[in-house]
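# need a structure here:
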Amino acid sequence: MSEKRIDIPDLTGETWLVTGATNGVGLETVRSASRHGARVVLAVRDTARGAKLAEELHGEAWVVELDLASLESVRRAAAEVAGESIDVLVNNAGTVTPRRRETADGFEMLLGVNLLGPFLFTNLVLPQVRRRVVIVASNAHTAGHLNFDDPYFRSRKWLVAGAYAQSKLGDMVWGLALDRRLRAAGSGVDVQLTHPGWAATNLSNATDNARVNRVITAVSGVFAQPAGQAALTTMYAATRDLPSCSYVGPDAWWHMRGMPTLIGRSAQASDPEIAERLWEFATRETASG
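This next block holds a predicted model:
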């Protein structure tokens with residue numbers, strides 16, 4: 001599939017902080033932002049890869065070590081960027097694991113990395129954000145359910161699809177709760193949610209079986225869109241004048257590929273009561289109140 005393009009404004013003078021910037025959609029996001037003039041901060045686990053990428057980008061870029069599976073690392077990274085003005089914060093980093101694992105803080109890995117780590121990081125750097133917070137979610141949220149009695153699958157059966165869907169529903173309602181708080185405070189910062197569609201990235205290789213991974217990669221090569229195309233939804237969400245807390249995704253093939261447009265979300269993802277409960281849960285778990 002050939003990649004298409006959208007009009008992206010001149011970003012000269014802006015600073016973008018992008019998590020998970022060395023792979024897939026995050027990589028293509030920083031390439032695009034840099035190409036259009038933005039100074040970029042690469043918040044990544046692998047700082048060596050981050051440094052190599054920084055050298056390849058068009059303009060100014062620097063690297064911050066950030067492991068979202070460790071709240072200690074999250075706090076260190078936030079301290080490292082303290083004082084920096086950030087025009088756009090893109091919460092892009094995420095993970096999928098083939099079996100249940102836990103973070104350094106005892107969280108189920110998918111909920112920890114996809115939601116709780118980004119939640120804390122965003123809260124810590126939010127005073128420095130001047131324009132927009134973008135949260136990369138997923139249409140997998142439509143199959144999700146936030147189980148506040150057993151969020152970490154300690155008693156119930158862990159399945160990768162269920163754990164991933166729960167984490168992405170968490171992202172959706174976190175964005176809703178954060179945006180409501182920003183608007184209530186009269187902030188000039190808003191939140192935008194985005195879904196990249198089916199992207200040909202290394203998240204497709206998340207099983208323990210190499211043969212299955214090869215099959216998934218082969219199928220993705222046929223049906224998924226290139227990471228550069230998938231990143232258009234993030235760029236659209238980050239640069240367009242949009243209603244507060246919009247949800248951007250591809251316009252074709254059940255929102256799995258195509259050009260970015262505003263799309264719908266599940267009833268749970270629009271529920272302010274669920275959003276407030278999630279906010280209370282995440283604040284308690286990350287000690288970020």
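
# tell me where the chain has strands.
Ranges of strands within the chain are 15-19, 39-44, 61-65, 86-91, 129-136, 190-194, 247-252, 257-262, based on DSSP state E.

# for the first one, give me every contacting residue.
Same thing as strand 15-19. With contacts defined as C-beta atoms under 8 Å, 6 or more residues apart in numbering, strand 15-19 is touched by 26, 29-30, 33, 38-44, 64, 66, 68, 81, 84-93, 118, 121, 125, 238. Where C-beta positions appear, they are placed from N, C-alpha and C, glycine not excepted.

# may I see the strands of the chain organised as CSV, with distance to residue 147 added?
Output for the strands of the chain, formatted as CSV (distance: least, C-beta to C-beta, whole Å):
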stretch, distance to residue 147
strand 15-19, 26
strand 39-44, 29
strand 61-65, 32
strand 86-91, 22
strand 129-136, 21
strand 190-194, 22
strand 247-252, 23
strand 257-262, 29
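
# let me know which of those is the nearest to residue 6.
Closest to residue 6 of the strands of the chain is strand 257-262 (C-beta to C-beta; 6.6 Å).

# list the helices and strands that closest one packs on?
Packing partners of strand 257-262 (3 or more C-beta pairs under 8 Å, 6 or more residues apart in numbering; DSSP states H and E): helix 232-239, strand 247-252.

# remind me, longest helix of this protein?
Ranked by residue count, the top helix of the chain under DSSP state H comes out as helix 160-184.

# what's the angle between it and strand 129-136?
Note on geometry: by axes from the mean of the first three to the mean of the last three C-alpha atoms, to 10 degrees, helix 160-184 and strand 129-136 are set 160 degrees apart in direction.

# returning to what we had before: closest to residue 54 out of the strands of the chain?
The nearest among the strands of the chain, by C-beta to C-beta, is strand 61-65 at 4.0 Å.

# distance of the closest residue to residue 13 other than its chain neighbours from residue 11?
Using C-beta to C-beta, 6 or more residues apart in numbering and skipping residues adjacent in sequence, the residue nearest residue 13 is residue 37, 7.4 Å away. Between residue 37 and residue 11 the computed distance is 4 Å (C-beta to C-beta, to the nearest Å).
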